[in-house]
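> sequence first, then the predicted structure, then my questions.
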Amino acid sequence: MENNKRRRFLKLGLAGAALSFIDPFKASKLIASTENRLTSSPVVISTWNHGIAANKAAWEVLSNGGNALDAVESGVRVTEADVSNRSVGIGGMPDRSGHVTLDACIMDENSNCGSVGCLEGIEHPISVARAVMEKTQHVMLVGDGAKQFALDQGFQKIKTPIPEVKAEYQKWKKENKDLFKKPEINHENHDTIGMLALDANGNLSGACTTSGWAYKLPGRLGDSPIIGAGLFVDNEVGAACATGLGEAIIRIAGSHTVVELMRQGYTPQEACKMAVERIISKHKDLTNLQCCFLALDKNGNVGSFSVYNGFNYAYTSADKEALIDAPFDRNW
Ligand code: GLY
């Protein structure tokens, strides 16, 4: 890594020297572009292919001069409202007692943050999380308290599980009696949407929302509502979010770790890889242990890394819209 850093420093130094006779604004953009991606222009990234539709909504906000916080909230609301999505929002899978409990958190450029956990019967947990951030003195509300707060704030009730999910659950219940069955997360079954955005003012925000591990024990919280695990934003440095097996991500305070590594000078890509390596080093059994990180730094450079292959993320900027496969440590 030291060598990587030195190479990067030399590259930037040479670019800077070569460009010293050019307009300083253009020079700074060109110097930045010697990294993955340069920019003072808005960028939004989000986990999995459900991120494509979510990014469109976020981009609508960013491209019209809106702020990153509004962008990430608008973006992930699309996924939360998608009844065909089995791992986020209204169409999410239930816990093993048949209740769909939703987790979400949001964080802005001033390190304000809000979170809800085990929230049942409300369509947009991300907006409830934002209301916790903006309207209370707290960061996190869970369970019945979170629901009561949402209702008091005027959020509409919804009925979950939706009929298709209820039917799947009834079938699962007949076939599965093993309480501690190994997780099957992210292999074919995508989970959390995490979204990170940089706006035209150079401010970062992030959002993260999920129905969590299907058939989890009642009361279980994953990484997604936990600031520092599923999401972390530090406007001086960058932002990161996570998807995958929440228990493993919590153990290393994953998203915070990624941001702190970027603070030390690692690129978003290097930081995500190092966080994944830390997860790998902490677990003897990696069977089905898929975890993925996504990061965006203050200059609009992005990176990602996952334990296993199969993780992808949606990227949107003024000049590029893409679904990108993340690098990984090993094959399934
Ligand atoms: N990453 C989502 C969860 O573990 O709940």
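Ah, there it is. Keep in mind it's a predicted model, so treat the numbers as computed, not measured.

> my read: residue 283 touches residue 248, true?
Yes. Contact criterion C-beta atoms under 8 Å: residue 283 and residue 248 qualify, at 6.4 Å. Any C-beta I mention is one placed from the backbone N, CA and C, and that applies to glycine too.

> what touches both of the two?
Shared contacts of residue 283 and residue 248, defined by C-beta atoms under 8 Å, 6 or more residues apart in numbering, are found at residue 289.

> higher neighbour count, these two?
Set residue 283 next to residue 248 and count neighbours by other C-beta atoms under 10 Å: residue 248 wins out with 26 against 16.

> by contact count, what packs against the helix or strand containing the more buried one?
Using DSSP states H and E, residue 248 sits in helix 246-251. Under the contact definition 3 or more C-beta pairs under 8 Å, 6 or more residues apart in numbering; DSSP states H and E, helix 246-251 sits against helix 268-282.

> can you report how many residues neighbour the closest residue to the ligand within the stretch 51-200 of the chain?
Using C-beta to the nearest ligand atom, the closest approach of the stretch 51-200 of the chain to the ligand is made by residue 192 at 4.4 Å. Taking other C-beta under 10 Å as the neighbour definition, residue 192 ends up with a count of 34.

> report the angle between the axes of the very next helix or strand once past the helix holding residue 248 and helix 268-282?
Of the helices and strands lying after helix 246-251 in sequence (DSSP H and E), the nearest is helix 254-263. If you take axes from the mean of the first three to the mean of the last three C-alpha atoms, to 10 degrees, helix 254-263 sits at 130 degrees to helix 268-282.

> mind giving me the packing neighbours of helix 254-263?
strand 231-234, strand 238-244, helix 268-282, strand 291-297.

> how about these, which one is nearest residue 326?
Across the helices and strands packed on helix 254-263, residue 326 has its closest neighbour in strand 291-297 (6.1 Å, C-beta to C-beta).

> close to the ligand, is that closest one?
No. Judged by C-beta under 6 Å from any ligand atom, strand 291-297 and the ligand are separated, with a smallest distance of 8.2 Å.

> okay, now the sheet partners of that strand, with direction.
strand 238-244 (antiparallel), strand 302-308 (antiparallel) (DSSP bridges).

> now render those strands as CSV, adding distance to the ligand and mean neighbour count.
As requested, the strands paired with strand 291-297 are exported to CSV (distance: least, C-beta to the nearest ligand atom, whole Å; neighbours: other C-beta atoms under 10 Å):
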stretch, distance to the ligand, mean neighbour count
strand 238-244, 5, 33
strand 302-308, 12, 25
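
> got these as CSV, with mean pLDDT columns?
CSV is the format used below for the strands paired with strand 291-297 (pLDDT from 0 to 100):
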stretch, mean pLDDT
strand 238-244, 97
strand 302-308, 97
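
> residue 96 is nearest to which of the ones you listed?
Among these, strand 238-244 comes nearest to residue 96, with 20.1 Å by C-beta to C-beta.

> and residue 27, what pLDDT?
On the pLDDT scale, residue 27 is placed at 30.

> relative to the ligand, how far out is the nearest residue to residue 234 once chain neighbours are set aside?
Nearest non-adjacent residue to residue 234, counting by C-beta to C-beta, 6 or more residues apart in numbering: residue 259, 5.2 Å away. Using C-beta to the nearest ligand atom, to the nearest Å, we find residue 259 at a distance of 18 Å from the ligand.

> which residues touch residue 259?
Counted by C-beta under 8 Å, 6+ apart, residue 259 has contacts 232, 233, 234, 237, 238, 239, 240, 271, 295.

> kindly recompute the last result at 7 Å.
By C-beta atoms under 7 Å, 6 or more residues apart in numbering, residue 259 lies in contact with 232, 234, 237, 238, 239, 240.

> is the first one bridged to anything, and to what?
Same thing as residue 232. On the basis of DSSP bridges, residue 232 is bridged to residue 240.

> about what we covered before: phi, psi for the residue of the stretch 51-200 of the chain closest to the ligand please.
phi -30, psi 140 (degrees, to the nearest 10).

> pretty sure it sits against residue 47.
Yes. Residue 192 is within contact range of residue 47, at 6.2 Å (criterion: C-beta atoms under 7 Å).
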